[in-house]
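Asks: sharing a sequence plus its predicted fold:
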Amino acid sequence: MSQVGDIERITQNRVVKLFCDRLGYRYLGNWEDRQNNSNIEEKYLREYLSSKKGYSDVLINKTLFQLRQTANNDNETLYTNNKRVYDLLRYGVKVKPDVGDCNETVELIDWKNPEANDFAIAEEVTLMGQHDKRPDIVIYVNGIALGVLELKRSTISVGEGIRQNIVNQRKDFIQSFFSTIHWIFAGNDTEGLRYGTIETPEKYYLKWKEEGEEENLLDKYLLKLCNKERFLEIIYYFTLFDGGVKKLCRPHQYFAVKAAQESVKNHEGGIIWHTQGSGKSLVMVWLAKWILENYPPARVVIITDRDELDKQIERVFSDAGEKDITRTRSGKELMDYLHNSLPRLLCSLIHKFGRRDVDDFDAFIEELKNNPTEAVGDLFIFVDECHRTQSGKLHKTMKALLPQAVFIGFTGTPLLRQDKQTSLEVFGKYIHTYKFNEAVKDEVVRDLVYEARDIDQKISSPKKIDEWFEAKTKGLNDFQKSELKKKWGTMQKVLGARDRLEKILEDIILDFNTKPRLSSGRGNAILVASSIFDACRYFDLFQKTELKGKCALVTSYNPNTRDITTEDTGTNTETDKEFIYNVYTQLLGTQYTSTEKYEDDVKDKFVKEPAVMKLLIVVDKLLVGFDAPPCTYLYIDKSMQDHGLFQAICRVNRLDSEDKEFGFIVDYKDLFKKVENAVVVYTHELDYDSFDSKDVDILLQDRLKKGREHFEKALEEIIILCEPVLPPKDSLAYIEFFCGNPENEDDLKNNETKRTALYKLTAALIRAYANISDELEEAGYSKTEIESIKNQVDFYFNLREEIKNASGEKLDTKTYEADMRHLIDTYIVAEDSQIISDFENQTLLELIEKLDLSGAIDTLPPGIKNNPEAVAETIINNIRQKIIQESLIDPAYFEEMSKLLNEIIKERRAQAQDYKTYLKKIAELAKKVQSGNAGQYSPNLKTAAQRHLYNNLGKDEDLALGVDAAVRAVKKSDWRGNPAKENEIKAELYKIFNDRQEVERVFSIVRQQDEY
């Protein structure tokens, strides 16, 4: 066991002994004064190749020459040399014994049999360079240096060791030595071990996490990572050269791939749920490589809707020497390739192309259906973001066409209840999960801080609004006026008033001047607008501010002249479409030939030059799969929920420089309850993780049965309405029935009720049809019936449009857009924003882990959920349960919380509060329930356990610190539940209290403290 403040030499002696005695490495000696130390110790490598592998001297000499040439190429970068050495290590060195002979492969490492290799360490390895350096420990395998370890005493930060490794890799130190290095370690006895590889920045050095008996963290993880089999396995299977960056796996990625390997061996599918920002795409790549290398008949198809991931997969496999990779762009092309034995790895990109709101996904599905094929090989199909609704069609189609394929889904979001039929039934159960709170705790991503801002709006002159409306709608009938009011009298239009947008703009400009991350230029932000029109308005407004030239617009819109050919109303004003087109035309100018080139440019600047590209204005794009470490603030001015909301807020959770402590969410749409619900789902196991496939089948059948009943009822109602129409039931007959004589106002008025019924029943029919349109066969309809149903739905849709035109009740609102926009922009004014959430910098995880309310509310039956009194009762019960659970940790404190709860119960008698009051009460409650609030205690009470003891030992600070020290001095690992180890702690407590009853009371509190 290390002693407090041990000097580095003592730690190093222990670590050397650990390598030799427990890991089975050979000790080569202290090489401080040894001459010509190298990363390729030819004596040991030659001995291995000759005696253990039986290669001839000719082959060995040529192999050593090629290895030295590759490792010591001064004309190349460290990354290039390291990658080329890696290729030689992994795939062997190809050499010819003599001119005219065929190539033979000399294997430098026996990857399949780790114990067959010569594992050794040397310490104090002096290396010559422009400035000499001496790594503490170098790990050699068959004489080739594959790892270095820098050790620090327990009082010196492990960061110093990391920085020492980084400096050593500079050209003016010993850079060439690192051309063979794959593991770079730094550690001490208090912080444990960190690992990285060549050119890894300090912030990306990683911690391993795994169960183990060892108490000393440094020893524990050296034993895990330097275990011979694990050491080589991670180099071989879990190392990537990705676009100029070398990467090693994180522990959750390693264990996910290992779990998936077991599923693959059993030919079973499943779902890998790893939270946003935790490197899920790399898991896909490592698993695909493992499958292709270990199963010769296997073929892997990766389905993604992210161009960045599609390109990354191709790049990574090419960098790894895998040339047999093909990216497809259509369903037909994919099926054609599957008909042949090659290529073994296919990437198929499915996402929106072309004009806004045009989705090629349906066309992709049709191509699959129209090009059935007998696939060659053993297929493994990876589906990225497998939870998405659109994937349901893809799953169903591909499973029908490729029934023997194994489907593995990857998602950064857990499956919500409505996703069951599209995900669980297709893929099966979870293979591996890594939730948001785990990633925050492991420092893989940043926690989130939430701030709600409210902008109050009011009408400046109701009288003028009425006058303006009447002046601009002369000549319209009442129905047409009503339609116009319906379109423009929406919350969406009101929230899009220019005055309100300007207040949000002023907020953002102020933040860029006052918030440290934004004002320093090291951080930037994303603004989510509710529509493409609003996004363009924001962009236009920002052009008059200091962010001109430093903000960009990224939406699904591509300007095309056909967008505006029918837009000009001849009134010298812009319609919404004309405004969008003009903004984009000006934005692209002559510099960019397409929006794609423009977006690629601004995204690159946003990631690499945050001081140059400070703000991106988006609607739907970049809210999934866009990794931008500088991004620190997300401004939300769009209603969002569930998957979309969580994926969006995770744009700001990526690691960056040390000054990025959190990601900040600024909400202008009252989304706290939805944010809270989303994060709860992403941090907890779901209650149906263990559902059997038969349970999902029952749920699917129930859903389709109800969907069919709903549709048939809607169809029956509209048929009954139209039954009295006289033969021949053509357009004129229907117009006569629903309008009478369209030129007679009395006829129109007398038949208005029938027309209203037609409009409502048609809308109901279309909705009911849409719910089951993709699953009509599963709902029990024959192909003939399906064709008939489609024709009927089309008929009633067209009938409604004809009747609206004939009655004059169909209004082209285009000519009124500019007038209505002027009305809203002129007569709806906005106040400055106010912060309405008061969480005092508590993060979302802190709030939710202290108050797990959302889960209870979200799962309530509708009858209770819609009853404010019942919901209040649920919240109270949940808090009471929380207090009961936590009271074991700190009985005295939570007895006080119990009294506060009684006050809350009295307050709940009042009616439901408004949103602002709700947030305030949640914030106050979170502060009260937060155990061990350090601000209330002496600075000597540094840990939660010390504060809990203080609360329960008569507020005696010295006694609390004494008990804490005593427990820490004698506790052993895994002492809970071990009577002998528990008795050691009790014996120490008895020395303090000399009272068995008091010992038992205090021990019960000690037992609940996680830090012990």
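Replies: Thanks, I have the structure now. Keep in mind that what you see is a predicted model, and the values were worked out from it rather than measured.

Asks: drop to CA atoms for contacts and neighbour counts, all remaining ones
Replies: Fine.

Asks: ok, the residue nearest the centre of the chain to residue 650 distance?
Replies: By Cα atoms, centre = their mean, the mean C-alpha position of the chain lies nearest to residue 276, the distance being 1.3 Å. Distance, residue 276 to residue 650, using Cα to Cα, to the nearest Å: 6 Å.

Asks: which of the three states applies to the residue nearest to the centre of the chain?
Replies: Here residue 276 is coil, with the state taken from DSSP: H, G, I helix; E, B strand; the rest coil.

Asks: how near is the nearest residue to it once chain neighbours are set aside to residue 273?
Replies: Closest residue to residue 276 apart from its sequence neighbours, by Cα to Cα, 6 or more residues apart in numbering: residue 412 at 4.8 Å. As judged by Cα to Cα, residue 412 and residue 273 stand 6 Å apart.

Asks: these two: who's more crowded?
Replies: Between residue 412 and residue 273, counted using other Cα atoms under 10 Å, the more crowded position is residue 412 (29 against 25).

Asks: got the contact list for that one?
Replies: Residues near residue 412 by Cα atoms under 8 Å, 6 or more residues apart in numbering: 273, 274, 275, 276, 280, 385, 647.

Asks: could I get the residues you listed as CSV with distance to residue 183 and pLDDT?
Replies: Below are the contacts of residue 412 laid out as CSV (distance: Cα to Cα, whole Å; pLDDT from 0 to 100):
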residue, distance to residue 183, pLDDT
273, 28, 83
274, 25, 82
275, 26, 80
276, 26, 76
280, 22, 83
385, 32, 71
647, 33, 75
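
Asks: and which of those is nearest residue 454?
Replies: Nearest to residue 454 out of the contacts of residue 412 is residue 647 (Cα to Cα; 23.0 Å).

Asks: which SSE is the closest one in?
Replies: Take DSSP states H and E as the rule and residue 647 turns out to sit in helix 642-649.

Asks: so what strands line up beside the helix or strand that comes right after that helix?
Replies: Next along the chain after helix 642-649, taking DSSP H and E as the criterion, comes strand 662-667. Partners of strand 662-667 in the sheet, by DSSP bridges, are strand 447-454 (parallel), strand 631-637 (parallel).

Asks: comparing those strands by mean pLDDT, which bottoms out?
Replies: Of all those, mean pLDDT reaches its minimum on strand 447-454 (a mean of 79).

Asks: surely residue 961 meets residue 945?
Replies: No - the criterion here is Cα atoms under 8 Å, and residue 961 misses it with residue 945 at 9.6 Å.

Asks: okay, those two: which has more neighbours?
Replies: Ranked by neighbour count (other Cα under 10 Å), residue 961 and residue 945 place residue 945 first, with 23 against 18.

Asks: mind listing what the more buried one touches?
Replies: 964, 1006, 1009, 1011.

Asks: dump the C-alpha coordinates for the helix or strand containing it into CSV.
Replies: Using DSSP H and E, residue 945 maps to helix 944-952. C-alpha atoms of helix 944-952 as CSV (Å, rounded to 0.1, in the frame of the first residue of the first chain):
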residue,chain,number,x,y,z
ALA,A,944,-20.7,14.8,1.9
ALA,A,945,-20.0,11.9,4.3
GLN,A,946,-18.3,14.3,6.8
ARG,A,947,-21.4,16.6,6.6
HIS,A,948,-23.8,13.7,7.1
LEU,A,949,-21.9,12.6,10.2
TYR,A,950,-21.9,16.2,11.5
ASN,A,951,-25.7,16.4,11.1
ASN,A,952,-26.1,13.2,13.1
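
Asks: next secondary structure after it?
Replies: By DSSP H and E, the next helix or strand past helix 944-952 is helix 957-970.

Asks: tell me where the stretch 551-700 of the chain has helices.
Replies: 576-588, 595-608, 642-649, 672-683, 693-722 (DSSP state H, counting those that start in this stretch).

Asks: low pLDDT regions in the stretch 401-550 of the chain?
Replies: Applying pLDDT under 70 to the stretch 401-550 of the chain flags the ranges 413-426, 428, 456-497.
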